[in-house]
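1. Starting from these lines, generate the structure:
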Amino acid sequence: MENYTLITGGTSGLGKELALLFGKDGNNLLLVSSNKERLENTKKELEEKLDVDIKILAVDLSDPSKFHLVTDYTNSNDIFVKNLVNCAGFGDCTDFVDMDIEKQIKMTELNCNALLYLTHEYVKPMLKENCGQILNISSIAAFMPGPYMVTYHATKGYVLLLSEGISRELKGTNVKLTTICPGPFDSNFVKIAHNDHAFSKIKPITSEKVAKISYKAFKKKKYIKVIGGGNKLLVFALRFFPRKFVTNISAKTMKKGA
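-> Sure, this is the predicted structure:
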């Protein structure tokens, strides 16, 4: 079997920047995304910069009936996923009563259940070989409720808690899981989320910078990495305030006049 780094959401933003970093370190890449054309373009672009094997697989991970297509592919191609990067995800800013519920369900499937499935399926062979690492992308949104962006905040809270629990279960093995919690950064997420009010207050950092910090934490086998001094201070301070107060502040960040 050949070793590969599997990256979901690897066609743009953070996923693409991480693919470049893993590739520069000599890791073969398997990029998974829903858009075949973007995958082909990304593969071509990365092949001009990297001297590793790059495979692509178009799968819509917001559809749980298609999760198995990823594991089917790696099994049939004799691929050992030594590094798993769960980067795919999206958000949406809207009042709860006005939200497109089908979109929210797709968000939950992609942000939570696809990550759950892939982590579960690939950690087993990692443990069998007693080697491997997982990088799960959460968010500082995981640490607080998010009125007007409730589903996204809830999904990232799920990712954080799930990953923390799995990390503890992996104690004593050579398999490690790192959880990354960045604030806003420039990516397609910012465009899709439709939250101009919040992003006008919080200047996003570059996805390249987030990728470099994330990769460094991954290499050091960190447990959790909150990116940004201000975000670290925020996460620390949250524990000292009542939940209702935190929720009110979050609401005002998300929506003008809230």
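2. Surely residue 137 and residue 90 touch.
-> No. Assessed by CB atoms under 8 Å, residue 137 is found out of contact with residue 90, at 11.8 Å. Just so you know, the C-beta spots here come from the backbone N, C-alpha and C atoms, and that holds for glycine as well.
3. Tell me which of those two has more neighbours.
-> Remark: of residue 137 and residue 90, residue 137 carries more neighbours, 26 against 19, as counted by other CB atoms under 10 Å.
4. Next up, the contacts around that one.
-> Counting by CB atoms under 8 Å, 6 or more residues apart in numbering, residue 137 touches 14, 85-87, 89, 159, 179-180, 182, 214.
5. Most neighbours among these, which one is it?
-> Of the contacts of residue 137, with other CB under 10 Å as the count, residue 85 tops at 31 neighbours.
6. so can I have a markdown table of the contacts of residue 137 showing secondary structure?
-> Formatted as a markdown table, the contacts of residue 137 follow (DSSP: H, G, I helix; E, B strand; the rest coil):
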| residue | secondary structure |
| --- | --- |
| 14 | helix |
| 85 | strand |
| 86 | strand |
| 87 | coil |
| 89 | coil |
| 159 | helix |
| 179 | strand |
| 180 | strand |
| 182 | coil |
| 214 | helix |
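7. residues in contact with residue 144?
-> Per CB under 8 Å, 6+ apart, neighbours of residue 144: 153, 238, 246-247, 250.
8. in the strand or helix carrying residue 237, what's buried?
-> Assigned by DSSP states H and E, residue 237 falls within helix 229-238. Buried residues in helix 229-238, defined by neighbour count with 16 or more other CB atoms under 10 Å: 231, 234-235, 238.
9. Tell me which other helices or strands that helix touches.
-> For helix 229-238, there is no helix or strand it packs on, judged by 3 or more CB pairs under 8 Å, 6 or more residues apart in numbering; DSSP states H and E.
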